[in-house]
Each structure stands twice: as structure tokens, then as C-alpha cells.
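**Student:** Sharing a model prediction with you, sequence too.
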Amino acid sequence: MSDIPADSILPEDREPAAPPQLAGQNRIRLIAVGFCAAFLAIAIQLGNLTLIKPRSDQAATPIARNDRPPRPDIVDRNGVLLATDLAVASLYADPRKIIDIDEAVELLTATVPDLNAKLLRSRLSQPGRAFVWLKRQVSPEERDAVYNLGIPGVGFVNERRRVYPQGRLTAHTVGYVDLDTRGIAGLEKFLDDQGALYTASLSESGADTAAPAQMSIDIRVQGALHDEIARAMEQFKAIAGGGVVLDIRTGEVVALTSLPDFNPNQEDKNFSSDQTNRLMSGVYELGSVIKAVTFAMVLDYGVSDFNSLWDARLPLVIGSARITDYHAQRRMLTLPEVFTYSSNIGTARMALATGLERHLEFLRRVGLFDRLTTELPESARPLLPRRWSRLTEATAAFGHGFAVQPLQGAAIVAGLLNGGRLVPPTFLKRSRQEAETFAKTIVKPETSDKLRYLFRLNVQQGTATKADVVGYRVGGKTGTAEKVIDGSYSKTKNLSSFIGAFPMDDPQYLLLVMIDEPQATPETMGFTTAGWNAVPTAAKIIERIAPMLGVRPVLTQDDLDKLAKDAKARKKEG
Amino acid sequence: MHKFLNAILVIAVLAAGFVLYQLEHATRGLERDIAALQGQITDSQEAIKLLNAEWSSLTRPDRLRRLAEQYLKLETVKALQIVGLGELGQKVPPEPIIKLEAKDQDTIGDILKKMQ
């Protein structure tokens, strides 16, 4: 065997260096290469993640609860909290997991008294459902109590609840949200709808909280306005009342009250139409506002100056209608007298002298044909005469048949007094420069000066003398509109209003007060006209809010004499 | 030779594993701390919100007015009572209610003693 040549065994083995070839060796090699590649990839990625790329700091932050941006708090112009989110728990059940429905119902109703046993049973008896709400927004004590019951299939979801610490004071302006914290009224609705961009601008991307939305409201002024209007309603047994304070130069609504109101924190939000925001969702015939517009028109067109005389000797007869005066003077009146005696005849004659075309042109210019829109959802279109005849022109001059959203009226008068620059009102804080970009010139500055003089004169010696708060140079116009009941004007039911501004040498703030159906009282000597109810109310409001708003009182010698006289009179009485 | 290398590698693997485990353990501890702190921060933020809401509710102007009318003898500020800084000098009452210049006298202390 040994001399058999080596090369005779197998031809393949004759290559000396070649290792023995096993079946499938190439496949193994391929697999090895594959493994190497895979491990290399893992190693590279590992090195990349651990050594090269720094770990982000975000890893530990909790995942946001929902996709919607966080709801911002709402604060007033000085930063006082008006609306905020609080964490609350809501009770839910998974009916599939509940073992003993009777026991669960019994235990739950015993722990949470306001759960309805019947309703609860029907909700839990739905084995097909995986989720039913039992009670939204339970108190912390109730939550702990239910936890301790340990019923399987009952659990909690952490939710946010919107609260309004100022309660009634902000009911109409801030508005409220529904149970799922979607805004359904007031500024809350604005933040969800048209104001979504504004809301987004408050929150940084990815942040869990947002900067608060700052309103133009000053809660102290709001409190004073609300308080005085409520007192006036009680005193004059009125069915409703309202008031608004505007910053004349920026158009900011500093306070807005409409009574009766409601508490936005209450759970049942089925409010009646009586509780709506009367200053924006309703239109009223505000004689005070419309007369001011008519005077501005006459002065701006140069139809009349202060010295021209207007015939108020006899009632004005147009067709079958007669226009009469409440404070009838039966003589020729100068323009300031027409204003201070609030003469319907004089005002109607002035409008007729202006001519229908120019009259309509002026009303359009001040915006009385357009619907006023603000951040709040309520917005009523002005109600104007449908067909303009000579009679409607004459009556529209003093506000009959001419109903307007009170806030819009206030904004227009503010524009007339603000050197003729009309600024659209806003509920968000706004600077004077910003306001200037929105402003629109409606009358000449000289007309505005004359109107300021007339407003001040009317408080010094006209229908609004009770509004003369010492030191604050108040100017204003009263209006007593007969209410339309069943299509005709009522002789007994009035809507009395006062629109005024202070300080009149440089108007800064405008106040509108309206009282719906005031009754005569002994103090008003049996009168129900604005001079006896809306005007004294306005005086009380101005006395309270002027120091808050930083209006500096100026006391003339006359004022000091008057104060001394009052003090003496009081001493005699006392 | 091979055995020696293998032994070193095994020891290295064990050591690396130990260090890795230590690091992992420390990291988990830190993450737990972070979560706990985050929870505390959230709780504090919620508490601040609640307190802010309560503060705002307690300082409602209508509530303050009602309390002031009940417990204090205060009235609405009259225009006559507001004085500019420039005129302040003329408005100082001739006889201060509490004589600050009087020495060896503890005026406020006396008032407190009287109250007791």
C-alpha cells in the first residue's frame, strides 16, 4: 500500500496547498459575511447613538394629553386672573369589567350622592360598551372616596376644568366653555374660533402652558359699574340695565355689564334670553346716541352754527304726524339750546335742513349701516327705517325708529368726541399706536371740539346736570326713548340712557348707562326720564371709576364754593 | 496563547457588563428622580393655579366692597381728597395725629397696650 503513488488516490487531492473542501462551505462564508455586516451596522449605530449624537433632554418630559394647544388663562388689563384651568378627575366605567352591577350602583350612589341610581344602572348595563362617563369633574374628596371603594371597572380620567374666579363680573365678556372645554361664549369662543391664530401666538410650540390672553377689561372698574347698575335697577325697579366704559382713544372696552346676568361657573348653562348681553346682542332706540350723531352731522356739514336759531315754537307737523317736545320751550332756540333742552322739534328741523342724501351719507360714514363686529360672537345689525320719507328722516334725527347695538352707539360717540377719529372697539388690550392704525376719520376735529362743548354744557345747565361730578369735568347727553310695545310707542315704559365722557377738556373715557323700564320713585319726583335715573347712576359710577382710571381731578373756585355750600346745607339738615 | 487571550476577553466582557449594568442602574435611578421631580413640579404648578384662582376669587371687587362696608368706615374717594405731589406740602395737617418727633414715647406701643 505504501508504494502506491500519492497522486494515484484521488485526482482532486493532488493540489498540495488547497484545504479540504466541505460541501456548502461557500454558503457558510456568505452567512458569516452577512453576520459581520449586520453586527458592524449595529456597532456603528451603537457608537453613533452613544458616543456621537448627544441624548436629547426631552426624553423625560411627559407626553402631552391631547393634540389641541393648551388653553391660555385669561387675565384683565392689570393681570388679575379672570379664567384658568384647574385639574379635576372625571369618573368613568368600563361596563364589560363590572362583575356585580347592583353592588356597584349601590356603592356609587352611597358615595356620590348626586348620581341618579336609575340612570347609573342603565349605563352600567351595556355589556357591549367599553366606556361610559359616570360623572364629570368630581371633587377631590369624592375621587378619594370612590378610589377606596375599589370597584373593578370604575376609574378616573384627569381632565381640565375651566373656572372663572370673578364669577358674575365677567359673565358676558369672558364667556364660558362647555364640559369638553370648548369655548361657546364670549372671548372663550373667540380663542377657539377666529382667534385661534392669536391663541397659538400665546403658546410656544411644544410648551405645556401658554401665556395668558390679556383683555382690555379692568376688573375694578367692572366691579364698580356692575355694582352701581345693580343698585340702580333695584332702586328704580327696572327690568334690565346695562353699562359700558370705553377708552376713547384706544377703543378698548374697560368694563361692560348687562343685567340680569349669570354665574359662568354654574353647571347648568341653559341661560334664558333675558340673560344675554344686551349691549351687543340686542338693538335699542338710544335717543342719546342718535341725537349726538345728528348734531355732529349738522355741525360737520356747516348747516348750522352755534348762533343760528331753530323754530321750536309749535309742534312740527309732517303729514298726519306731530313731533312734540318733552321739555317744550315754545320759542326760537339756538343750537346749544336745542341740545340742552333735548328738543325733538329742533333736532328734526336740523335734519330736514341737511337733506336726506347728506343725512344718509353721514350715517353711512359713521358706520350706522354696518354691523359692528368685535371679538365677542354677539353682534346685532342696526335696525333702520326701511323706507326713508320726510317723516322718517325727521324722527330718525332724534332716534325714533332707529335701533342700534348699544356698544356700537358708544363707539360712534367715542369717535365723535375723539377728535373725529373712530376706533373700532376691542376686548383685547391694545396700545394707542395700534389703535391709530385702525382709526378712521368721521368728522373734522373742529366739529369734535364743538360737540365736546355741547356735551359739557348739557351737564352744566341741560338735562344731565345730576351727572356733574365735582372735579371730573363730565359731559354727556341723556336719552329717554319710549319703548315699542306691540308695534306702537308706549307712553309709560321707557328706556332711559345716558352717554357721557370725562374729563371733557381732553376726553379719555366714555360711559354709557341704560336702564330698561325704570319706575318713578319719590326721589325722582315721579319722573321716569333719564335725567332722574340714568344720569345720577352715571354720576355715582364716574365718581367711583375716575380715580381708578387715573383721571386727575381739577377743582375750580366754583367747584370749591359749591362743595362748601353742599357741606353747609348738609350740616343744617344734620 | 489563545487561552490567555480568551481569558482576557472573558474578563473584559464581565467588566464591561458590570460597568454597563452600573450605568444603567444609575440612569434608571436618575430617571426616576426626574419623574418624581416632574410630578412635584406639576403638582406645585397645579397648586399655584388653584391658589391664584382662589386669590382672584377672594379679591373680587364686589366682595372687597361688601367687606369694607361691613367692617371699615370707608367711603368712595372724593375729588377733593386727591392731591398732586406738588401741592402735598400745603395739605399737611398742622397737628399730626401721631407725633413722630416726640422722644422717649412709644406711641404705637401705647395704642397696643390700650387695646390689650
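**Tutor:** All right, it came through fine. Numbers count the residues shown, from 1 in each chain, chains lettered A, B, ... in the order given.
**Student:** Spell out which residues of chain A are next to chain B.
**Tutor:** Chain A has residues A:60-62, A:80-82, A:84-87, A:163, A:165-167, A:169, A:209, A:219-220, A:222-224, A:226-227, A:469-472, A:543-544, A:546-547, A:552-553, A:555, A:559, A:563 near chain B, with proximity defined as Cβ under 8 Å from any Cβ of the partner chain. Placement of C-beta: from N, CA and C, glycine included.
**Student:** does the most centrally placed residue in chain B count as helix, strand or coil?
**Tutor:** Chain B has B:Ile48 as the residue nearest its centroid, 9.1 Å off, counting by Cα atoms, centre = their mean. On the three-state scheme (DSSP: H, G, I helix; E, B strand; the rest coil), B:Ile48 is labelled helix.
**Student:** how near is it to A:Thr84?
**Tutor:** 10 Å (Cβ to Cβ, to the nearest Å).
**Student:** now A:Ser320
**Tutor:** 61 Å.
**Student:** just A:Val404 next, same as before
**Tutor:** Distance from A:Val404 to A:Thr84, by Cβ to Cβ: 35 Å.
**Student:** Equivalent analysis for A:Val244, please.
**Tutor:** For A:Val244, the distance to A:Thr84 - Cβ to Cβ - is 25 Å.
**Student:** Quick one, grab the pLDDT at whichever residue of the stretch 251-400 of chain A sits closest to chain B.
**Tutor:** Among all residues of the stretch 251-400 of chain A, A:Asn265 sits closest to chain B, at 9.6 Å; criterion: Cβ to the nearest Cβ. pLDDT, A:Asn265: 85.
**Student:** ditto for B:Leu64
**Tutor:** 91.
**Student:** Who has more neighbours out of A:Val244 and A:Thr84?
**Tutor:** Neighbour comparison, A:Val244 and A:Thr84: the larger count goes to A:Val244, with 25 against 22 (by other Cβ atoms under 10 Å in any protein chain shown).
**Student:** wait, doesn't the more buried one sit right on A:Gly251?
**Tutor:** No. Taking contacts as Cβ atoms under 8 Å, A:Val244 lies outside contact range of A:Gly251: 11.8 Å.
**Student:** related to what we said a few turns ago, look up the pLDDT of the residue nearest to the centre of chain B for me, please.
**Tutor:** pLDDT, read off for B:Ile48, is 88.
**Student:** Same question for A:Arg55.
**Tutor:** pLDDT, read off for A:Arg55, is 62.
**Student:** Same check on B:Ile11?
**Tutor:** So, for B:Ile11, pLDDT stands at 96.
**Student:** Does it fall in a helix, a strand, or a coil region?
**Tutor:** Recorded secondary structure, B:Ile11: helix (three-state DSSP).
**Student:** quick one: it and B:Leu20, what's the gap?
**Tutor:** Taken as Cβ to Cβ, the span from B:Ile11 to B:Leu20 is 15 Å.
**Student:** Next: A:Tyr301.
**Tutor:** Counting by Cβ to Cβ - A:Tyr301 and B:Leu20 are separated by 90 Å.
**Student:** my guess is A:Pro72 is in a helix, correct?
**Tutor:** No. According to three-state DSSP, the state of A:Pro72 is coil, so it is not within a helix.
**Student:** what's the nearest residue to it if we skip its chain neighbours?
**Tutor:** A:Ala210 (4.0 Å; Cβ to Cβ, 6 or more residues apart in numbering or on different chains).
**Student:** Check whether the one you found sits in a helix, strand or coil.
**Tutor:** coil.
**Student:** which residues touch A:Ala520?
**Tutor:** The contact partners of A:Ala520, by Cβ atoms under 8 Å, 6 or more residues apart in numbering or on different chains, come to A:526-528.
**Student:** Surely it is in a helix?
**Tutor:** No. Judged by three-state DSSP, A:Ala520 forms no part of a helix; its state is coil.
**Student:** The stretch 201-350 of chain A: helices as residue ranges?
**Tutor:** Secondary structure of the stretch 201-350 of chain A (DSSP state H, counting those that start in this stretch): helices at A:219-235, A:278-281, A:287-301, A:335-340, A:344-354.
**Student:** So for A:Leu495, which of the ones you listed sits nearest?
**Tutor:** Across those, A:Leu495 has its closest neighbour in helix A:287-301 (8.6 Å, Cβ to Cβ).
**Student:** between the closest one and helix A:344-354, how many degrees?
**Tutor:** Interaxial angle, helix A:287-301 versus helix A:344-354 (axes from the mean of the first three to the mean of the last three Cα atoms, to 10 degrees): 40 degrees.
**Student:** average pLDDT across helix A:287-301?
**Tutor:** Rounded mean pLDDT across helix A:287-301 is 89.
**Student:** If you tally nearby residues, what's the number for residue 78?
**Tutor:** Went with chain A since none was named. For A:Asn78, the count of nearby residues is 11 (other Cβ under 10 Å).
**Student:** my bad, chain B
**Tutor:** B:Lys78 has 14 nearby residues by other Cβ under 10 Å.
**Student:** per-residue confidence for it?
**Tutor:** Reported pLDDT for B:Lys78: 83.
**Student:** Do a quick rundown of the helices in chain B.
**Tutor:** Assigned by DSSP state H, chain B shows helices spanning B:2-58, B:61-71, B:107-115.
**Student:** Quick one, which of those gets closest to chain A.
**Tutor:** That would be helix B:61-71 among the helices of chain B, by Cβ to the nearest Cβ, at 2.7 Å.
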